[in-house]
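Novice: just the structure for this:
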Amino acid sequence: MNLLDFIMFFVYIIIFYILFAWRRKKYKDPVLRKYHRQGFWIKVFSSFAYSIFILYFSPGDSNGLYHREGYNIYELILKDASNIDLLFISGKDFDQALLANVYNAGYFGEESNYMVTRIVAVLSFVTFGRFLAINLIFSMISFTGVWRLYRFFYEQYPDLHKQFAIAILYLPSFVFWSSGILKDPLCTGALGWITYSLYAMFYKKKNPLIYIPILLLFSYLLIVIKVYIILSYVPFFSLYLLLLNVTLIKNRFVKIFLVGSVLLGSVLGFVTITNAMQKALGNYASAGVSQSIKSYQTNYENQAGSATSNFSLGVEFDGSVQSLIRMAPAAVIATLFRPYIWESKKPSTFMSSLESLALMFFTIFVLIKVGIKKFILTIFNKPMVLYCIFFSVIFALFVGATTLNFGSLVRYKIPALPFYVIGLYFILYFNNKMKIKPRENAGQVVSSLTVINS
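Specialist: You can find the predicted model right below:
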């Protein structure tokens with residue numbers, strides 16, 4: 001880093017501050033203004049912290065691959081304008097001889113890596129390629145979508161504004177790992193925009209001409225970068241939107257039939273799309289989901305001698321669906337609650353282990369507070385809870401099953417964390433409401449009797 005890095009960083013802080021302050025003035029709700037302001041500054045400081053962490057403590061893809069090669073493409077275009085076609089070709093067509101670092105050869109065979117690099121190259125034209133400034137822009141892309149996710153929940157349950165802020169705006173690993181030049185900021189931002197766009201069109205009945213372009217843009221981005229997120233997310237969110245209307249149907253059999261049909265259709269649709277999208281899904285499509293999990297696990301096992309952060313689920317997986325079901329609890333627990341403190345060997349994994357421990361205690365607290373029976377019944381009786389818990393758990397299953405390295409796990413799991421935490425908050429919220437209502441009704445009865453007797 002040099003002086004220009006810091007200058008460009010502060011210039012873009014001012015630019016984003018002005019833009020978001022202008023947007024914030026349109027909010028009449030003081031709660032939204034408060035959390036929008038807090039969320040913005042949290043992302044700014046997190047972006048700076050992430051930059052320092054990557055540059056001086058734990059170099060990785062952010063500076064070694066995405067920024068270095070993106071800046072290289074930017075320089076190639078400055079030298080020869082005809083190289084602008086590098087922004088439009090696919091990663092596999094990139095001439096490896098043009099790489100800034102020969103050790104990055106092969107990475108662009110995965111289109112998701114080239115997409116991030118391409119975005120860095122484009123942003124370099126407005127930041128002079130400065131690392132701090134580009135990190136900040138990635139962080140702000142994430143924040144715009146994350147904020148929409150906050151609004152999605154808040155507009156329906158304003159009572160839980162603090163809980164949503166904790167789960168979405170304050171959650172340490174979710175904030176930190178979505179604040180730099182990585183795939184994760186783009187994915188979290190896209191997830192928020194997709195959620196709010198679908199909600200605005202199908203629930204709030206807003207003008208689709210506004211949200212369809214947004215939906216298409218971020219869906220495309222998510223499909224290219226991490227298609228498995230959208231494939232695991234959209235079915236459960238669609239189910240939620242359907243259940244909002246199903247609640248108007250009084251016939252229980254009709255409700256069960258509709259919900260069952262959507263679940264079955266989601267599963268069949270997931271399998272069909274997975275098999276059809278061989279190029280987009282890579283190993284997942286060509287070998288099948290279960291066989292791909294086995295290959296991922298084998299790769300991590302082969303690296304065990306050199307990767308000190310590798311771990312085992314303690315469950316043998318032979319590639320069959322039956323063994324996948326057997327390992328499911330261990331995979332979900334690994335994603336949500338690991339690394340344990342004694343498993344942490346790096347500062348980044350240690351911080352994540354503290355968060356995982358807090359999440360485990362919170363889960364236990366909710367289970368004890370409401371009871372296992374009510375815990376399960378609330379999930380299936382409340383569409384919002386079903387959507388949050390099912391997505392987070394299914395996502396946690398496949399991340400935990402395929403990621404046997406804590407360094408990768410702490411990043412890959414972040415899309416599931418806000419939904420899981422919010423799901424737990426909702427379980428508490430709905431059960432507390434059920435406890436309060438009888439008391440309120442009792443008070444009304446007493447008041448009525450008093451009036452009658454008088």
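Novice: pull out the buried positions in the longest helix seen in the chain.
Specialist: If you go by DSSP state H, the chain has its longest helix at helix 208-246. Using 16 or more other C-beta atoms under 10 Å as the test for burial, helix 208-246 gives 211, 214-215, 218-219, 221-244, 246. Using the backbone N, CA and C atoms, a C-beta is placed for each residue, glycine as well.
Novice: same for that helix, what does it pack against?
Specialist: Packed against helix 208-246 by the contact rule (3 or more C-beta pairs under 8 Å, 6 or more residues apart in numbering; DSSP states H and E) you find helix 111-127, helix 183-202, helix 252-276, helix 278-281, helix 383-402.
Novice: run the last query once more with 6 Å
Specialist: helix 111-127, helix 183-202, helix 252-276, helix 383-402 (3 or more C-beta pairs under 6 Å, 6 or more residues apart in numbering; DSSP states H and E).
Novice: what's the local residue count around the nearest residue to Y211 once chain neighbours are set aside?
Specialist: Among residues not flanking Y211 along the chain, S197 sits closest, at 4.0 Å (C-beta to C-beta, 6 or more residues apart in numbering). Using other C-beta atoms under 10 Å, S197 has 24 neighbouring residues.
Novice: so S197 makes contact with L209?
Specialist: No. Applying C-beta atoms under 6 Å, one finds S197 not in contact with L209, separated by 11.7 Å.
Novice: list residues touching both of the two?
Specialist: Residues touching both S197 and L209 (C-beta atoms under 6 Å, 6 or more residues apart in numbering): there are none.
Novice: domain-wise, how is this protein divided?
Specialist: 1-181, 299-454 (automatic domain parsing).
Novice: redo those as a markdown table? Include mean pLDDT.
Specialist: Below are those laid out as a markdown table (pLDDT from 0 to 100):
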| stretch | mean pLDDT |
| --- | --- |
| domain 1-181 | 93 |
| domain 299-454 | 77 |
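Novice: to W193, which of those domains lies closest?
Specialist: Across the domains of the chain, W193 has its closest neighbour in domain 1-181 (4.6 Å, C-beta to C-beta).
Novice: and the closest one, how far from the chain's centre?
Specialist: Relative to its chain's centre, domain 1-181 lies at 15 Å (C-alpha atoms, centre = their mean, to the nearest Å).
Novice: start to end distance for it?
Specialist: End-to-end distance for domain 1-181: 15 Å, by C-alpha to C-alpha, to the nearest Å.
Novice: cool, stretch 83-93 as well?
Specialist: Per C-alpha to C-alpha, the first residue of stretch 83-93 is 13 Å away from its last.
Novice: now A334: closest residue in space that isn't a chain neighbour?
Specialist: Per C-beta to C-beta, 6+ apart, closest to A334 is G400, 4.1 Å.
Novice: how about the contacts made by the one you found?
Specialist: Neighbour list for G400: 331-332, 334-335 [criterion: C-beta under 6 Å, 6+ apart].
Novice: distance of it relative to F48?
Specialist: Distance of G400 to F48, computed by C-beta to C-beta, to the nearest Å: 31 Å.
Novice: cool, S219 as well?
Specialist: To F48, S219 is 31 Å away according to C-beta to C-beta.
Novice: ok, back up a step: how about the helices and strands packed on helix 208-246 in CSV, adding distance to A21?
Specialist: Below are the helices and strands packed on helix 208-246 laid out as CSV (distance: least, C-beta to C-beta, whole Å):
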stretch, distance to A21
helix 111-127, 20
helix 183-202, 20
helix 252-276, 41
helix 383-402, 31
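Novice: for K34, find the nearest of those.
Specialist: helix 183-202 (18.9 Å).
Novice: okay, angle between that closest one and helix 208-246 too, please.
Specialist: Helix 183-202 and helix 208-246 are oriented at 80 degrees to each other (axes from the mean of the first three to the mean of the last three C-alpha atoms, to 10 degrees).
Novice: could you report the neighbour count for P59?
Specialist: So P59, with other C-beta under 10 Å, has 11 neighbours.
Novice: so it sits in a strand?
Specialist: No. Counting by DSSP: H, G, I helix; E, B strand; the rest coil, P59 is not found in a strand; it is coil.
Novice: now stretch 129-138 - C-alpha only, CSV.
Specialist: Below are the C-alpha coordinates for stretch 129-138, written out as CSV (Å, rounded to 0.1, in the frame of the first residue of the first chain):
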residue,chain,number,x,y,z
GLY,A,129,-6.4,-0.1,-9.3
ARG,A,130,-6.0,0.8,-5.6
PHE,A,131,-6.5,-2.3,-3.3
LEU,A,132,-8.2,-0.5,-0.4
ALA,A,133,-10.7,1.4,-2.6
ILE,A,134,-11.7,-1.8,-4.5
ASN,A,135,-12.2,-3.6,-1.3
LEU,A,136,-14.4,-0.9,-0.1
ILE,A,137,-16.5,-1.0,-3.3
PHE,A,138,-17.0,-4.8,-2.9
